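Asks: structure, please.
(one chain, ligands or ions: 1)
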Amino acid sequence: MGSPCVFVRLAGCPLRCHYCDTEYAFREGTARPISDVVRETLAFGCPLVEVTGGEPLAQSGVHELIGALADAGCTVLIETSGALDISPCDPRAIRILDLKTPGSGESARNLWSNLDHLHERDEIKFVITDRADYEWAKEMMTEHRLTERVRAVFMSPVFEQAKGLEIRGTKALEPRLLAEWMLADRLPARLQLQLHKFIWNPGTRGV
Ligand code: SF4
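Replies: You can find the predicted model right below:
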């Protein structure tokens, strides 16, 4: 968090999390040659690139794209919902695996076999909507020994999201509350804020 990073946002997602802040990715986007996307990405002159969505792994060309970016010397992060198989991902990429909490409305979509394909450079993220999500995330950390599998486990308080065309919307969870819960439990996890939403208007795109 805090490092400049180019986001390559791929369209489409099979999930409908209540708090989704990229609903536009369900419908927008144009088909483009991978070479064009790589050229445009490299033109930013920033070696850190995140391939995200939507759900990036839902696109058949994603692995070719990741490989091309890694070949070009980029550090590639893949942010994925955790609902699709991560095992075909280029091992040079760092996977950020979202484990969907009950408050997302999509926890039944977690593909638990993904945990066996994680590398120690990868990361796990929980978006926390309330105390019940927090308790669930703690249980999952213990049950699946998550801190032994990856370099970091993140807890991210959900940001307020208005109801959309396809998503229910959600109230925000105050970051202070989540921070206090984590401190009280001495939880071996890191607090993550969506920094761009504190710097720019939360609805601003392209930042
Ligand atoms: S996984 Fe959930 S939050 Fe992510 S793009 Fe899909 S619906 Fe939105």
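
Asks: A137 versus the closest residue to L84 other than its chain neighbours, what's the distance?
Replies: Sequence neighbours aside, L57 is the residue nearest to L84 in space, at 4.2 Å (criterion: C-beta to C-beta, 6 or more residues apart in numbering). C-beta here means a position set from N, CA and C on the backbone, and glycine is covered the same way. According to C-beta to C-beta, to the nearest Å, L57 stands 22 Å off from A137.

Asks: quick revisit: tell me the SS of the residue nearest to L84?
Replies: Put simply, L57 is helix when judged by DSSP: H, G, I helix; E, B strand; the rest coil.

Asks: quick one: contacts for P91?
Replies: P91 makes contact with H119, according to C-beta atoms under 8 Å, 6 or more residues apart in numbering.

Asks: now it: phi and psi?
Replies: Dihedral angles of P91 (phi, psi; degrees, to the nearest 10) stand at phi -60, psi -10.

Asks: again with the one 5 residues further on
Replies: The phi and psi values for I96, taken as degrees, to the nearest 10, are phi -110, psi 100.

Asks: number of nearby residues for it?
Replies: Neighbourhood size, I96 [other C-beta atoms under 10 Å]: 20.

Asks: before we move on, what about N110?
Replies: By the criterion of other C-beta under 10 Å, N110 has 19 neighbours.

Asks: would you agree it is in contact with T101?
Replies: No - here N110 does not reach T101: they are 9.4 Å apart, not a contact under C-beta atoms under 8 Å.
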